[in-house]
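Engineer: Turn this into a structure:
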Amino acid sequence: MSKKVEKQDFENYLKEARTWETDKVREIEKSRKAAWWVAIGSGVTAIASVFAVSAMMPLKTVEPYVIRVDNSTGIVDVVEALTDGKTNYDEAMNKYFVQWYVRYREGYSKELAEDYYYNVGLMSSTTEQQKYFQFFNPKNPLSPLAVYGDYAKVKIGIKSTSFINPTVALVRYTKEIERGLDKPIITHWAATVTFRYTKAPMAEKDRGINPLGFQVVEYRNDPDALAPAATPVAAVAPVTSAPAPSVTVFPTTEARPAVPAIQQ
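Structural biologist: Numbering: from 1, shown residues only. Below is the predicted model:
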């Protein structure tokens, strides 16, 4: 009887062992299936993330900026790249004409005096033409013709150009006065330029200088308060070594300022 019981117990033991192994195998298979589902879900999520980031890339741009610092004044100027936007394009064109106007009006050399005189008249309203004529007239003791004469030169260096409003620019610049072998005199200035664009007819020659009809309606020039102390040009003694040439007044018409040349 005892042998029969032992045999039956042994069979039950084997049956339970087989059942335990089967359960283990099933659990392993379930774990594998779960792992595969997790892996597939992670892969799908990763792929979706890549596509989402790729789709968002055109919406995000990186624009580098160059920050320029004036060593003498400590003034910071941001150098920006020209974009296709209308506002930036218009601002770039305004800066171009305003800066060249300041160069023409404040710069000087005997060889270029006639060209600068003509260009200032071409890019000025009637009021500013008359003001510039009175300043440039050799009868004025502060006229460039009287102050600088045949040998001195005035070089203009633009430091920065900003806009008070869309038609008023503030140009900060330096004047470097050279007289032979003497040490150059550098002064700092700030010009406030109010401008507009006109559609007045213009000669082909004039259109090559001022293609968009840029016109300054008000011009003011002051020493730069933010710069180091500067010696005004008025303190420089006039040159009397050569007779001063006469200057023809600008025309009064706004239609086409065909500015006559300086008469020798």
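Engineer: Skip ahead from the helix or strand of the chain with the lowest mean pLDDT and say which helix or strand is next.
Structural biologist: When the helices and strands of the chain are scored by mean pLDDT, DSSP states H and E, strand 76-79 comes last with a mean of 57. Downstream of strand 76-79, the first helix or strand assigned by DSSP states H and E is helix 86-106.
Engineer: Which elements pack onto that following helix?
Structural biologist: helix 113-122, strand 153-165, strand 168-178, strand 185-197, strand 214-223 (3 or more Cβ pairs under 8 Å, 6 or more residues apart in numbering; DSSP states H and E). Every C-beta, even on glycine, is put in place using the N, C-alpha and C of the backbone.
Engineer: Just the CA atoms from that helix would do, formatted as CSV, please.
Structural biologist: What follows is helix 86-106, C-alpha atoms only, in CSV (Å, rounded to 0.1, in the frame of the first residue of the first chain):
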residue,chain,number,x,y,z
LYS,A,86,11.3,95.4,-46.9
THR,A,87,11.9,97.3,-43.6
ASN,A,88,15.6,96.2,-43.4
TYR,A,89,16.1,96.9,-47.1
ASP,A,90,14.6,100.4,-46.9
GLU,A,91,16.7,101.1,-43.8
ALA,A,92,19.9,100.0,-45.6
MET,A,93,19.1,102.3,-48.5
ASN,A,94,18.4,105.2,-46.2
LYS,A,95,21.7,104.6,-44.4
TYR,A,96,23.5,104.5,-47.7
PHE,A,97,22.2,107.9,-48.9
VAL,A,98,22.4,109.6,-45.5
GLN,A,99,26.0,108.6,-44.9
TRP,A,100,27.1,109.7,-48.3
TYR,A,101,25.3,113.0,-47.9
VAL,A,102,27.3,113.6,-44.7
ARG,A,103,30.5,112.7,-46.5
TYR,A,104,29.8,115.1,-49.3
ARG,A,105,28.7,117.9,-47.0
GLU,A,106,31.4,117.6,-44.4
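Engineer: now the angle from that helix to helix 113-122?
Structural biologist: 130 degrees (axes from the mean of the first three to the mean of the last three Cα atoms, to 10 degrees).
Engineer: residues of helix 86-106 that come out buried?
Structural biologist: Within helix 86-106, the residues that count as buried by 16 or more other Cβ atoms under 10 Å are 91, 94-95, 97-106.
Engineer: a markdown table for the residues you listed, including pLDDT and distance to Gly180?
Structural biologist: Shown next, in a markdown table, are these (pLDDT from 0 to 100; distance: Cβ to Cβ, whole Å):
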| residue | pLDDT | distance to Gly180 |
| --- | --- | --- |
| Glu91 | 89 | 40 |
| Asn94 | 95 | 37 |
| Lys95 | 95 | 34 |
| Phe97 | 96 | 33 |
| Val98 | 97 | 32 |
| Gln99 | 97 | 28 |
| Trp100 | 96 | 27 |
| Tyr101 | 97 | 29 |
| Val102 | 97 | 25 |
| Arg103 | 97 | 22 |
| Tyr104 | 96 | 24 |
| Arg105 | 96 | 24 |
| Glu106 | 96 | 21 |
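Engineer: would TSV of the residues you listed with distance to Trp189 be doable?
Structural biologist: As requested, these are exported to TSV (distance: Cβ to Cβ, whole Å):
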residue	distance to Trp189
Glu91	22
Asn94	19
Lys95	17
Phe97	18
Val98	14
Gln99	13
Trp100	16
Tyr101	14
Val102	9
Arg103	12
Tyr104	15
Arg105	11
Glu106	7
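Engineer: Alright, calling it a day.
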